[in-house]
Structures are given as C-alpha cells and as structure tokens.
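# Got a predicted structure plus its sequence, pasted below:
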Amino acid sequence: MPALDLDSPLDSDLDADLAAERAHLTTSRAALRRMRERAESLFATGDQVAGDSYAAETLGRTLARRVAELADDPTTPLFFGRLDFGGTTVSEPTASGTASTKTTDSGHTHSGPAPAETAADTSGDHDGRRYHVGRRHVSDERGEPLVLDWRAPVSRSFYRASARDPQGVAVRRRFGFSNGVLTSFEDERLDRGEELGTTSRILTAEIERPRVGPMRDIVATIQPEQDELVRADLADSICVQGAPGTGKTAVGLHRAAYLLYLHRERLRRAGVLIVGPNKAFLSYIAAVLPALGEVEVEQATVEELITRVPVRAVEASAVAALKHDVRMASVLRRAVQAQIGSPTDSITVSDGSFRWRIGLEPLHRIVEETRREGLPYGTGRERVRARVVSLLQRQAEARRAESPSDAWLRRMSRCRPVVDFLDAVWPALTPEGLVHGLLSDPGRLAAAADGLLSDVEQAQLTWAKPARTPKATRWTAADAVLIDEATGLLERPSGFGHVVVDEAQDLSPMQCRAIARRSEHGSVTLLGDLAQGTAPWAATDWRESLAHLGKPDAVVVPLTVGFRVPAEVVAFANLLLPALAVDVPPAESLRHDGGLDVRTVTDLTSATVAEVRAALAHDGSVGVIAADDAVDGLRAALAEAGVETATADDVAAAERVTVVPATLVKGLEYDHVVVVEPAAIVAAEPRGLHRLYVVLTRAVSRLAVLHHEPLPAPLLSAPLPTGSATAAS
C-alpha cells in the first residue's frame with residue numbers, strides 16, 4: 001500500500017510515479033484548455049453556420065453554456081482518484097504524459113488509454129484498464145478520455161469498491177493536492193484485501209481541510225451510503241433525514257449534478273431547481289454545481305418562488321401560522337368553487353340575419369360537466385366558453401351547410417351574450433382578488449371556512465381595515481403563500497424535472513404545496529433534520545411533509561454518521577435532543593480531533609474579541625454566532641479591535657471572520673465557531689432550543705461557547721464532554 005508525500009523521503013519508484021501523475025495532470029489541463037478554446041472558436045463563428053436567426057440564437061446559447069462548463073480552476077485538481085482494474089495490464093502514465101504499458105498478474109499486455117465509450121458502459125470488460133476519475137470528462141485530440149467524469153458508470157467503483165467487494169478493481173489510488181498541485185498519492189490494493197476506509201490520510205485531510213468562503217464539492221470524499229443516494233433514479237423521490245455534518249446538503253447538490261449528467265436533454269428542458277432557506281445559504285452553496293460543470297440550475301428561496309405580490313407588511317406570528325396551516329388550502333378551494341354559479345336562463349346570439357339560441361338544459365350540462373373535470377378554474381372558464389361556442393357553431397353549420405371561419409369563432413366567443421353568461425356562471429378571477437375578497441369579507445370567509453376554522457380563527461384572519469383594492473393592499477409573506485395557492489387553483493403553473501429542497505424541516509404545509517405544484521410531474525430530493533426545525537410550523541414527521549409535497553411514497557433515509565462536525569461538539573449538542581421533542585437518532589461523528597471550550601465569562605464582548613484573535617492563529621474560517629440583536633455590537637467591537645468581519649450574505653468576502661445572526665446560520669459551517677450567550681439565543685424565539693442545536697453544530701474543527709447567563713438546562717443535564725472548560729475568564 002504505497003503512500004507518497006513530498007515531505008517524506010522518496011524512493012525512486014514512488015518518485016517516478018509522482019512525476020508520471022503530475023505529467024498526466026499537465027496533459028489533462030492542456031487538453032481541457034484545447035476543449036474550451038475549440039468551444040470558444042465555435043461560439044465566435046456560430047452565427048455564420050446557423051440557418052436563420054432563431055437557429056443562431058439557439059446555437060449561441062448552447063455554445064456559451066459549453067464554454068462555461070469547460071472553465072478550469074487551477075486551484076482545483078482535475079482528478080482526485082484513479083482506478084486500476086485487474087486481470088490483464090494497465091496503461092501507465094509516464095513523465096511525458098504518454099501511455100506506457102505495465103504487465104499485471106495475467107501476463108497480458110494492453111497499451112493506450114481506455115476507449116471513451118467505456119465511460120458509459122457498465123457491462124463492458126474493464127480488465128487491464130486504468131481510469132483517472134475527476135470532476136468532469138477530459139479527452140485528448142483523438143477523443144480518448146484522459147479524465148473520466150465522477151458520474152460515469154465505471155466511476156461508481158471508486159466510491160463503492162471495497163476489500164470485501166472489489167468490483168474488479170485491483171488498485172484504488174487517491175491523490176492529495178495543495179492549491180491545484182499534486183503533492184501525494186495513496187494506494188489501496190483491494191485485490192489483496194487492503195482497504196483504508198476512513199483511516200485514509202488523504203481522505204481525512206480532504207474532509208478536514210480548512211475552508212473559507214463558499215461550500216466546496218465533495219466528489220473526492222463521497223462515502224458509499226452517500227453515493228447510493230446521489231445515484232438514485234430520476235423517477236425516485238427521496239427524503240434524507242441527516243444529522244449535522246452528515247453531508248445531506250452535498251448529497252442533494254451532487255444528486256442534481258448526477259441527474260443532469262444522466263438525463264441531460266430531458267432536465268435541460270424541464271429544469272432543475274434548488275430551494276434553500278435563505279439567500280445566505282444559497283450564496284454559500286452557489287459555487288458547488290458550477291465547479292462540477294453544471295451552470296444552468298435555478299436556485300431560489302421559497303419566498304422567491306412565490307413573488308406574485310410585493311411583501312410590504314408584517315403580521316402577528318399567530319396569524320401567519322394560521323395562514324400557513326394546510327386547512328387554508330381547503331378554505332381557498334371552497335372560495336373558488338363558490339364562484340361557480342348555475343345558469344338561470346337561455347342565451348340568444350344575433351349573427352347577421354340569424355339568431356342562435358342555447359337552452360337552459362344544455363347550459364346546465366356544460367357547467368356541470370366542466371365542474372366535474374376538476375380543471376384549474378381559469379382553464380374551466382375557457383372550457384365553458386369553448387363549449388358554448390361549439391353549440392353555436394353546430395347551429396350555424398346546420399343552417400349554412402359550411403363551417404364558420406376562425407374569425408367567426410373568435411367573434412362568437414367575445415360577443416356580449418356569451419361573455420355575460422360566463423361572468424354569471426364562471427366569473428373571471430385573479431389570485432390577488434380572491435384572497436383580498438376572502439380576508440376582507442367576514443361573510444365570504446365564514447362560508448368558505450365553515451367546519452374548518454373556528455370563529456376565533458376566522459376573526460384572526462379577517463382584516464380590520466381592508467384596502468379598497470388588491471393593488472392597494474399591503475401584503476405579508478404569509479399572504480403571498482395564500483396567493484400562490486390561489487394561483488394554483490386558477491391556473492396550472494410550470495414545473496421542474498427535479499427539485500432539491502434543503503432545510504426542508506422548516507417548510508410549512510402550504511409552502512410544501514407551493515413546491516409540489518412546481519414538481520407535480522418531476523421528482524424531489526428532500527433534505528433536512530427534524531431536530532433543526534426552528535419555524536413555528538416546523539415539521540415533526542417527514543411523512544406529513546412528503547404528503548403535502550405530493551410524494552407520499554418517497555423513501556426516508558437517515559444519515560447519522562458525520563464526517564465534518566467533531567465528536568466532542570456533536571456530543572455536546574446531542575444533550576439538547578431529549579428536549580426537542582423529535583424522534584431522530586442521535587448524531588455520531590468519526591472525527592475525534594476537534595476542540596470544545598465552554599466558558600463562563602464576565603464580559604462577553606471582550607471575551608469574544610479575545611477568542612476570535614485566538615482562532616485566527618489557526619487556519620480556516622471563524623464564525624461568531626449570537627442572538628440577532630447582539631450582532632451589530634459584536635461587529636463594532638471586533639472592528640474597533642482591528643478585526644475585519646464579513647456578513648453571512650457576503651460569502652465571497654476575503655475576511656476570515658463572519659459575524660452571523662443565529663437566525664441565518666442554518667446550513668452554514670465554519671472551522672472555528674464562537675457561540676455568544678446561548679441563553680439569549682434560546683430566549684429570542686419560541687423554538688429557541690432547536691435554534692441553539694443548529695448553532696452548536698456549525699463548527700467543523702473547534703467550538704467555543706461563551707456565556708455570562710447560566711447555560712440552558714438541557715446542557716447541564718449531563719457532564720460536559722471531556723476537554724471542555726467552565727472556568728470564568
């Protein structure tokens with residue numbers, strides 16, 4: 001099991017191996033550059049070969065996307081692993097970057113790189129083949145692969161092969177890099193039963209590597225249980241209940257990348273959507289998919305999905321929670337159905353010297369048939385119009401012995417008798433008008449909410465001083481959710497082929513329904529942790545959330561073993577679990593190198609400044625997390641002490657220190673976390689203990705907890721983990 005590091009003595013064989021691998025990296029980077037230059041050349045001349053302006057525009061978009069996909073980051077390695085399949089011989093990279101041969105156990109010889117088509121062929125014979133596995137496919141001028149995409153079928157063995165099940169792999173090699181420079185490699189002879197697993201020095205170093213700025217991809221460190229979720233079929237909706245540090249966010253993003261690789265054209269047409277809890281989180285994860293060559297994935301918060309009206313007001317939390325209640329879907333549906341009336345008279349339409357009449361019975365039949373079809377309300381209105389015009393058309397054809405023109409059909413559909421009939425039995429509605437009318441009129445609300453909402457709840461919803469029109473209304477965020485529900489009742493929204501929803505435990509039933517309307521004909525990857533639910537309507541059972549999302553049969557998969565958050569930190573945070581009233585297994589961690597320091601201090605501000613200075617002596621990012629109202633003061637104190645800081649929204653900032661309000665920290669992580677006054681974080685909101693659980697699990701190396709007030713009771717219910725401190729400072 002050879003391992004190589006530049007800081008260690010090198011024997012001649014290992015030195016030659018390292019030189020050959022570096023040459024292969026140089027060759028691969030040059031090939032990627034040629035691929036990009038070729039795409040840029042085609043982009044520059046594309047308008048000259050396109051047949052028309054539409055074709056030119058389409059080709060231009062395709063080529064521009066291809067150029068973006070081939071962008072190279074010299075600080076990121078093009079490949080991170082290598083697979084040598086046993087049985088014959090393997091192609092051996094040399095210092096010049098060309099292929100040589102090396103005889104294996106069978107004594108047969110194979111020369112040259114593996115054929116490109118094997119990247120998509122799981123049934124072929126890989127004996128004697130060698131594949132470098134990386135973030136994207138790179139080929140030489142002949143089209144032969146130099147680097148295989150991590151999503152290719154044969155690459156699966158890099159993540160799944162083991163000493164017990166080598167899958168034909170003789171040697172799995174992992175590469176160590178520093179700023180894009182290949183520095184080391186580590187081999188596992190799976191054919192001899194040698195497997196490092198989580199004791200791999202290179203794997204451990206990559207997982208624990210300090211980070212500043214946006215989230216990175218994890219293609220080099222995906223574990224078998226994660227890989228199984230990443231490669232789930234497009235048709236499958238899955239829910240990942242992931243404890244802190246288990247990589248659930250990375251699993252969701254890499255599944256999106258994998259599905260785009262496998263179903264490129266289908267998902268390019270249908271679209272892929274990533275839904276996150278806030279803009280800070282979306283900024284944090286924004287670089288992951290582009291780093292994998294996927295540049296056309298839409299990202300949005302739930303609030304950004306439902307932007308039909310501007311949000312300009314705030315309401316009481318109890319009223320907002322009521323509007324997020326799933327019963328409101330039934331109230332709105334009743335309100336829509338109440339708009340449909342019954343015909344009261346026949347209609348007569350003048351047409352030159354002719355008069356066409358439709359009796360009451362056929363009109364009743366049209367309305368009832370359309371009602372039973374369960375169409376969106378707006379579609380139903382047009383269906384009624386079309387059926388009325390069809391009856392007029394039949395009469396005209398019978399009298400004139402010819403089919404009326406399209407212009408005649410349009411004129412009939414807009415004539416006064418037909419429009420008056422429509423307005424009487426199926427009046428035009430807007431989502432804003434429906435919600436405005438419902439919340440402005442106690443009588444209309446009572447009729448729609450009868451048996452669903454109590455009198456007290458109806459009184460809570462009714463506006464005391466409603467605006468005269470929907471346009472003049474100062475809408476709240478919860479109103480926007482109702483309007484989106486109403487929109488779905490009136491018209492069919494466009495959807496996505498796949499939707500990834502992160503931090504899904506905080507979605508309300510009505511927000512779940514908003515996402516369901518956008519994934520009705522697609523699949524969903526739901527990511528979250530019930531223990532981290534902080535919203536007033538936070539989920540307590542994934543089955544309920546999946547039902548609201550329209551995916552009741554989705555499988556729920558728990559991830560409990562963490563690779564990022566150290567064991568000491570996890571154990572400390574787990575003290576809160578019994579008080580959170582959720583049925584989730586406690587998180588575990590494979591890391592035992594972290595630090596935990598819990599201290600009572602007399603001056604929180606000065607202690608925070610001192611702790612940040614101490615943290616800056618280590619590599620990596622520093623996150624200072626406090627109750628929202630304490631953030632500005634802490635930033636000012638750090639600035640006065642000469643420490644530059646960034647905000648949670650500014651993930652691209654060069655500063656290593658970020659001061660984050662507790663309400664915005666979900667999904668983020670920092671190498672060193674300083675938690676300031678846990679009691680204040682808990683007291684700031686009804687589900688404060690859940691918020692504190694989130695806060696305590698953001699550290700990936702060291703956690704310092706500074707408090708002046710007593711710690712929340714659950715944290716005192718058991719001895720602090722070994723190594724923590726409680727001395728005053």
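Cool, the structure landed. Numbering: from 1, shown residues only.

# any weak-confidence spans in the protein?
1-12, 45-63, 65-69, 87-125, 198-199, 208, 210-214, 651-654, 717-729 (pLDDT under 70).

# Does the helix or strand harbouring residue 31 pack against any helices or strands, and if so which?
Residue 31 belongs to helix 12-49 when assigned by DSSP states H and E. Packing partners of helix 12-49 (3 or more CB pairs under 8 Å, 6 or more residues apart in numbering; DSSP states H and E): strand 3-5, helix 53-69, strand 79-85, strand 90-93, strand 130-134, strand 138-139, strand 145-149, strand 181-189. (Glycine included, C-beta is placed from N, CA and C.)

# what's the helix or strand hosting residue 611 packed up against?
Using DSSP H and E, residue 611 maps to helix 604-615. In terms of contacts (3+ CB pairs under 8 Å, 6+ apart), helix 604-615 is packed against strand 622-626, helix 631-640, strand 670-676, strand 699-707.

# closest one to residue 136 among those?
Closest approach to residue 136 among these (CB to CB): strand 699-707, 26.6 Å.

# what packs against that closest one?
Applying 3+ CB pairs under 8 Å, 6+ apart, one finds that strand 699-707 contacts helix 567-574, strand 595-600, helix 604-615, strand 670-676, helix 678-683.

# neighbours around residue 335, how many?
Taking other CB atoms under 10 Å as the criterion, the count of residues near residue 335 is 21.

# show me what contacts the residue lying closest to residue 639 once chain neighbours are set aside?
Leaving aside its sequence neighbours, residue 639 sits nearest to residue 645 (CB to CB, 6 or more residues apart in numbering; 6.9 Å). Going by CB atoms under 8 Å, 6 or more residues apart in numbering, residue 645 touches 624, 635, 638-639, 655, 657-659.

# what are the phi and psi angles of residue 645?
With angles defined as degrees, to the nearest 10, residue 645 sits at phi -130, psi 160.

# what would the contacts of residue 645 look like in a markdown table with neighbour count and distance to residue 330?
A markdown table is the format used below for the contacts of residue 645 (neighbours: other CB atoms under 10 Å; distance: CB to CB, whole Å):
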| residue | neighbour count | distance to residue 330 |
| --- | --- | --- |
| 624 | 28 | 45 |
| 635 | 20 | 46 |
| 638 | 21 | 51 |
| 639 | 12 | 52 |
| 655 | 16 | 50 |
| 657 | 23 | 49 |
| 658 | 24 | 43 |
| 659 | 29 | 44 |
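
# Identify the farthest-apart pair in these.
Pairwise distances across the contacts of residue 645 (CB to CB) peak at 13.3 Å, for the pair 639 and 658.

# now residue 371: how far from residue 476?
Distance of residue 371 to residue 476, given as CB to CB, to the nearest Å: 32 Å.

# go on, residue 675?
In this structure, residue 675 and residue 476 are 32 Å apart, going by CB to CB.

# Repeat that for residue 364.
Distance, residue 364 to residue 476, by CB to CB: 41 Å.

# the more surrounded of those two?
More crowded of residue 364 and residue 476, by other CB under 10 Å: residue 476, with 19 against 13.

# Go ahead and confirm the more buried one touches residue 310.
No. If you go by CB atoms under 8 Å, residue 476 and residue 310 don't touch, sitting 10.7 Å apart.

# Report how many residues lie close to the nearest residue to residue 291 once chain neighbours are set aside.
Sequence neighbours aside, residue 217 is the residue nearest to residue 291 in space, at 5.2 Å (criterion: CB to CB, 6+ apart). Using other CB under 10 Å, residue 217 has 20 neighbouring residues.

# again, but for the one 3 residues further on
Around residue 220 there are 23 other residues, counting by other CB under 10 Å.

# which residue packs closest to it, ignoring adjacent ones?
Spatial nearest neighbour of residue 220, chain neighbours left out: residue 80 (3.8 Å); criterion: CB to CB, 6+ apart.

# How much space separates that neighbour from residue 134?
6 Å.

# again, but for residue 481
43 Å.

# now residue 311
From residue 311 to residue 134 the distance is 44 Å (CB to CB).

# Which one's more surrounded, these two?
Using other CB under 10 Å as the criterion, residue 311 and residue 134 rank with residue 134 on top: 26 against 15.
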